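Trainee: sharing a sequence plus its predicted fold:
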2 protein chains.
Amino acid sequence: MFRVYLAGPDVFLSNAVELGRLKRARCLEHGIEGLFPLESDAGVAAEPGAIFRANCALMERADAGLLNLTPFRGPSADAGTCLELGYLYRAGKPLFGYANADLCYRERVETQAGPLREGRFGPIDSAGHVVEDFGLFDNLMLVQALEASGGGLCQRIGTQGADPLAALEAFDASLAALAAYCSHMGRDGS
Amino acid sequence: MFRVYLAGPDVFLSNAVELGRLKRARCLEHGIEGLFPLESDAGVAAEPGAIFRANCALMERADAGLLNLTPFRGPSADAGTCLELGYLYRAGKPLFGYANADLCYRERVETQAGPLREGRFGPIDSAGHVVEDFGLFDNLMLVQALEASGGGLCQRIGTQGADPLAALEAFDASLAALAAYCSHMGRDGS
């Protein structure tokens, strides 16, 4: 069965295990096996080295990545998920990302950190740092890695009132894109 | 000559090009060639796809990575730098990270987002999300990738009053660790 690594800050939700099971069930409806970090041999209580090795092993087993890139504790995606995006890209896996957020990166920085001023190399935040202004959802490396991998980004607003990290509308759309990819490649990714 | 990819949000500083030249000069003092993103063929004004491809090409050329993991627009390292950390790790390069910041991740989240409460799976922030509490500098995937690569992290406070992103004390210490690594491996990394 085609296997997808389910990356994201979902592991930091209080209902992470349940959400992982729900995502895996949705994958199975498409004939895809979902690999969710918290369900690896290294559990929630494991030490950092064991969790790192277990996550890398899961990524190696996966045929593709499906990543929750919803902004986490700042204007960008979760740091660990960004690392996994780079890892999976270098490993040659097709990558499908989604985000429950509607603004582009520049707008998000402005919303969180206040008005920007125009500088020589683009807009500048209050700390004096240039803000990427390509109209992209996040840092260009993230968005381009998704595209260059053969996958792509699905950005839309999740359920009103729910935790944006946990909403599944964009996940479902992203999973459907992955399923179409699998179907095009002959279901087993070969 | 041994080549090191100089990753980091340095590219978002107003004096990015000068800082890149300074870092490259410091590398040369150790007999190491520094590869700095803004000095690739794709310049500041290039389009996102060209910048992405140029950065990937530079990472492929590099024998090692030296990454500025100073927190950027939130409690974690810059999103693009995290992606590059994962990319370089999967490519098998030894990775040396540094950060101009003195707190651990949990303390930094608390400082930026307010008091945490204790939950079933560890401390929880005001958004209801678990905060990693391993006493590590950042998300465990980042710290463990550095260690597992054969490199490591150098965390210390930069020059008082200067922009923490631009301070070079921790960079110098990290570069010295890389130079020792090169020396141990026979200078050319073979």
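Mentor: Yep, it's here. Residues are numbered from 1 along each chain as shown, chains lettered A, B, ... in the order given.
Trainee: alpha carbons only for contacts and neighbour counts from here, please
Mentor: OK.
Trainee: paired strands for the helix or strand harbouring A:Leu153, with orientation please.
Mentor: If you go by DSSP states H and E, A:Leu153 is part of strand A:152-155. Sheet neighbours of strand A:152-155, with direction, are listed as strand A:95-99 (parallel) (DSSP bridges).
Trainee: give the next helix or strand downstream of the strand holding A:Leu153.
Mentor: Per DSSP H and E, the first helix or strand lying C-terminal to strand A:152-155 is helix A:169-185.
Trainee: now do the same contact list for A:Ala173.
Mentor: A:Cys154 (Cα atoms under 8 Å, 6 or more residues apart in numbering or on different chains).
Trainee: for chain B, see how far away it is.
Mentor: The gap separating A:Ala173 from chain B is 24 Å, by Cα to the nearest Cα, to the nearest Å.
Trainee: next: A:Asn100.
Mentor: Noted for A:Asn100: a distance of 15 Å to chain B, by Cα to the nearest Cα.
Trainee: was I right about that residue contacting A:Asp163?
Mentor: No - assessed by Cα atoms under 8 Å, A:Asn100 is found out of contact with A:Asp163, at 9.4 Å.
Trainee: have a look at the two and say which one is more surrounded.
Mentor: Set A:Asn100 next to A:Asp163 and count neighbours by other Cα atoms under 10 Å in any protein chain shown: A:Asn100 wins out with 24 against 14.
Trainee: let's see the pLDDT reported for that one.
Mentor: pLDDT for A:Asn100: 92.
Trainee: same thing with A:Ile157?
Mentor: The model's pLDDT for A:Ile157 equals 71.
Trainee: identify the residue nearest it in space, chain neighbours excluded?
Mentor: Once flanking residues are discounted, A:Ile157 sits nearest to A:Asn100: 4.7 Å by Cα to Cα, 6 or more residues apart in numbering or on different chains.
Trainee: and that neighbour, how far from A:Thr111?
Mentor: Distance, A:Asn100 to A:Thr111, by Cα to Cα, to the nearest Å: 16 Å.
Trainee: and what of A:Glu169?
Mentor: Taken as Cα to Cα, the span from A:Glu169 to A:Thr111 is 24 Å.
Trainee: ok, now A:His129?
Mentor: If you measure A:His129 against A:Thr111 using Cα to Cα, the figure is 16 Å.
Trainee: quick one: which of the two has more around it?
Mentor: Comparing A:His129 with A:Thr111 by other Cα under 10 Å, the one with more neighbours is A:His129, at 25 against 13.
Trainee: show me the contacts for the more buried one.
Mentor: Counting by Cα under 8 Å, 6+ apart, A:His129 touches B:12-14.
Trainee: A:Gly128 touches B:Leu13, doesn't it?
Mentor: Yes - under the criterion of Cα under 8 Å, A:Gly128 is in contact with B:Leu13, at a separation of 7.2 Å.
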